[in-house]
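>>> my questions concern the predicted model and sequence given below.
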Amino acid sequence: MANHTFSQSVSDFRAMASGITTRLASLTAIGISVDDATAMKTYADQLDAINGQQEDLKAQLKAKTEELNTLMKEAKAKNSDLTKRIKIVVSQEEWVAFGIKAKR
């Protein structure tokens with residue numbers, strides 16, 4: 001089988017199921033049954049369902065990543081502001097208590 005895209009593979013599975021169903025009489029001699037058609041249709045349905053779930057998760061991940069990045073940006077800005085203000089009134093020897101590293 002050639003390397004197809006996801007949607008092309010699912011479409012091929014559905015076509016296989018349909019082809020088996022419509023030509024079942026001529027295929028029973030080689031051991032192909034209605035169960036084979038049902039199995040291919042079930043695979044296609046399950047793949048579509050799982051793919052849909054995966055797409056939903058990707059959308060949720062994108063939204064959460066954006067939320068995380070926004071919050072990180074706010075936290076860094078606040079930390080920078082506090083660091084500047086602390087450096088004004090606190091001696092350099094005490095900066096370590098605030099997690100501020102002295103640059104030389």
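Okay, I see it.

>>> would you mind measuring from residue 41 to residue 24?
13 Å (Cβ to Cβ, to the nearest Å). C-beta here means a position set from N, CA and C on the backbone, and glycine is covered the same way.

>>> who's more crowded, these two?
residue 41 (17 against 14; other Cβ atoms under 10 Å).

>>> the stretch of helix or strand the more buried one belongs to packs against which elements?
Assessed by DSSP states H and E, residue 41 sits inside helix 34-89. Contacts defined by 3 or more Cβ pairs under 8 Å, 6 or more residues apart in numbering; DSSP states H and E place helix 34-89 against helix 6-22.

>>> give me the angle between the helix it packs on and helix 34-89.
160 degrees (axes from the mean of the first three to the mean of the last three Cα atoms, to 10 degrees).

>>> buried residues, the lowest-mean-pLDDT helix or strand in the chain. List them.
Between all helices and strands in the chain, the lowest mean by mean pLDDT, DSSP states H and E belongs to helix 24-27, at a mean of 94. The neighbour-count check on helix 24-27 (16 or more other Cβ atoms under 10 Å) flags residue 27 as buried.

>>> next one: it to chain centre, how far?
Centre-to-centre, helix 24-27 and its host chain are 41 Å apart (Cα atoms, centre = their mean, to the nearest Å).

>>> give me the residues contacting it.
20, 32, 33, 34, 37 (Cβ atoms under 8 Å, 6 or more residues apart in numbering).

>>> now the buried members of the residues you listed.
Buried, going by 16+ other Cβ under 10 Å: 20, 37, out of these.

>>> who's in contact with residue 41?
13, 14, 17.
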